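need the 3D shape of this:
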Amino acid sequence: MMRVALTLCAVLLATFTVTAAVQPAPPPPPGPAPFAIRSVVLTGQPAPGGGVFTEFSDPALNDRGTLAFAALTSRQEAHAALFVRINERISALATSGQAAPTGGSFQVFNDVVVSDRDTVVFLGRTSDRVAHQGLYLARTGTIVPVVTTGQAAPGGGAFTDFANPTINARDVVAFVGRIGGEGREGIFTSSEGSIIPVALSGQPSPTGGTFQFFVDGSPAQNDRGEIAFIAAIAPRGTFGVFVLVGGRPIPIVTTDDEAPVGGAFSEFGSLMLTNPGTVGFVGRTARSTVREGLYVTGRAMLVTLAQQGLAVAGEVLTAIATSAINDDESVAFELGTPDPIARTIFLATRAGVRIVVRAGDRAPSGRRFVAFGSPAINGRGQIAFVAETDDHQHGIYLATPR
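Numbering: from 1, shown residues only. Here you go, the predicted structure:
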């Protein structure tokens, strides 16, 4: 949970005091989670526009069941492409070599997200010398720029880099942007072509000091216009989780607070925010026998959904690598250490932690799963993920509750 590398690679309305009371995770329900898993698209299958699929990015998934993803294909003149799957039909939205609306042609597609209106946002690299990187909206067959490098930033300077785009049901885009000159950065929103800063480095923090930079997973936003972020605070070097409510940053928890598992928090990451306003995150502690946990906000204290050392169906939780939440506070996550390759996808709720799918389980093809990409979850409890099977085939899969 380090500082974001800006490369391609009901919100709690009042501050609460985090209590030191340990809330152990309840025992996991018996047996595996009742999911039906089916393949959506596999390497080797024909790609719209020609060639076959050869590689996939982690997919984005909305509440309508729409999937958006970047992929590589065997088509030499359009090796990289951006796709959307609506009502079982996969369509290409953009391909490498295609003219970009900001000049030059598209080369690479990353950081794909999709709204409940089926609007797709992506980070695109182009061949243009000035607008060589930008955030773009793709909808109804049209691609329009949100913001590009070289574009004037509010308050002076020009944008030089972007990370972590998100989009809500109102098609408001939020993102981290870096500004040239003094290396400033901030969280911005864009709606109908207007770029608005909502949190900037150097801005006063409500906990004292000033915001310095923004961390893993920031920003997260919901359909009510609230935005959550994790920030480093200067000059003390502390970190905090904040939610912008009515344009005002409200502190949720900081590294001055005690974690429910004991010891003070030392780091935060994998930030999440639901439409009802629940904030979720992974928190690390420096002086506790439990060094990491998955938390959500409760009415008066943090609730621990999962924690390091918890045994789940024969597997012991270690460091939590990635996580995604839906409005029911169901969190899909995977582990990052000691094995850097994800071998299991878990689902955490307030009722416990269970396994969605793990290495060794049978894929729809009859082969065995061996590894997984980062999961996405929607309001229907569906979980989308990239997986590899023991015949080295990759695919995008959808796990649906029975």
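
just want the most central residue of the chain.
Gly217 (6.0 Å; CA atoms, centre = their mean).

what helix or strand is that residue located in?
According to DSSP states H and E, Gly217 maps onto no helix or strand at all.

so it makes contact with Ser270?
Yes: the pair Gly217 and Ser270 qualifies as a contact (CB atoms under 8 Å) at a distance of 5.3 Å. From N, CA and C alone the C-beta is placed, and that goes for glycine too.

joint contacts of the two?
Counting by CB atoms under 8 Å, 6 or more residues apart in numbering, the common neighbours of Gly217 and Ser270 are Phe281.

quick check: nearest residue in space to the residue nearest to the centre of the chain, chain neighbours excluded?
Leu271 (3.5 Å; CB to CB, 6 or more residues apart in numbering).

cool, and Gly104?
Using CB to CB, 6+ apart, the closest residue to Gly104 is Asp128 (3.2 Å).

part of a helix, is that neighbour?
No: counting by DSSP: H, G, I helix; E, B strand; the rest coil, Asp128 falls outside a helix, being coil.

who touches Gly177 in this structure?
With contact taken as CB under 8 Å, 6+ apart, Gly177 is in contact with 147, 153, 159, 161-162, 185-188.

pLDDT, neighbour count and distance to Val120 added to the residues you listed, as JSON lines?
Compiled in JSON lines, those are given as follows (pLDDT from 0 to 100; neighbours: other CB atoms under 10 Å; distance: CB to CB, whole Å):
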{"residue": "Val147", "pLDDT": "97", "neighbour count": "22", "distance to Val120": "16"}
{"residue": "Ala153", "pLDDT": "94", "neighbour count": "21", "distance to Val120": "24"}
{"residue": "Phe159", "pLDDT": "96", "neighbour count": "25", "distance to Val120": "21"}
{"residue": "Asp161", "pLDDT": "94", "neighbour count": "17", "distance to Val120": "21"}
{"residue": "Phe162", "pLDDT": "96", "neighbour count": "24", "distance to Val120": "16"}
{"residue": "Glu185", "pLDDT": "95", "neighbour count": "25", "distance to Val120": "25"}
{"residue": "Gly186", "pLDDT": "96", "neighbour count": "22", "distance to Val120": "24"}
{"residue": "Ile187", "pLDDT": "97", "neighbour count": "25", "distance to Val120": "21"}
{"residue": "Phe188", "pLDDT": "97", "neighbour count": "25", "distance to Val120": "19"}
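
tell me which of those fall in strands.
With strands taken from DSSP state E, the overlap with the contacts of Gly177 comprises 147, 159, 161-162, 185-188.

now distance to Ser105 too, for the residues you listed, in a markdown table please.
Output for the ones in strands among the contacts of Gly177, formatted as a markdown table (distance: CB to CB, whole Å):
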| residue | distance to Ser105 |
| --- | --- |
| Val147 | 19 |
| Phe159 | 20 |
| Asp161 | 20 |
| Phe162 | 19 |
| Glu185 | 28 |
| Gly186 | 29 |
| Ile187 | 30 |
| Phe188 | 26 |
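
and of the residues you listed, the nearest to Gln221?
Closest approach to Gln221 among the ones in strands among the contacts of Gly177 (CB to CB): Ile187, at 9.5 Å.

just give me the neighbour total for Gly277.
By other CB atoms under 10 Å, 18 other residues sit near Gly277.

verify the stated contact: Ser323 with Gly280.
Yes: the pair Ser323 / Gly280 is scored as a contact, 7.0 Å apart, by CB under 8 Å.

any common contacting residues for these two?
Going by CB under 8 Å, 6+ apart, residues that sit against Ser323 and also against Gly280 are 270, 272, 294, 331.

closest to Ala384 among those?
Among these, and counting by CB to CB, the member closest to Ala384 is Val331, at 14.7 Å.

that closest one: what's it in contact with?
Neighbouring residues of Val331 by CB under 8 Å, 6+ apart: 272, 280, 294, 296, 305-306, 323-325, 347-349, 377.

the stretch 251-400 of the chain: strands as residue ranges?
The residue ranges that make up the strands of the stretch 251-400 of the chain, judged by DSSP state E, counting those that start in this stretch, are 265-273, 279-285, 292-297, 302-307, 311-312, 315-316, 320-325, 331-335, 344-349, 352-358, 369-372, 376-377, 383-389, 394-401.

could you dump those to TSV with distance to Ala259 and mean pLDDT?
Below are those laid out as TSV (distance: least, CB to CB, whole Å; pLDDT from 0 to 100):
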stretch	distance to Ala259	mean pLDDT
strand 265-273	5	96
strand 279-285	5	96
strand 292-297	7	96
strand 302-307	8	96
strand 311-312	20	96
strand 315-316	19	94
strand 320-325	14	94
strand 331-335	17	97
strand 344-349	17	97
strand 352-358	18	96
strand 369-372	28	97
strand 376-377	25	98
strand 383-389	27	98
strand 394-401	31	97
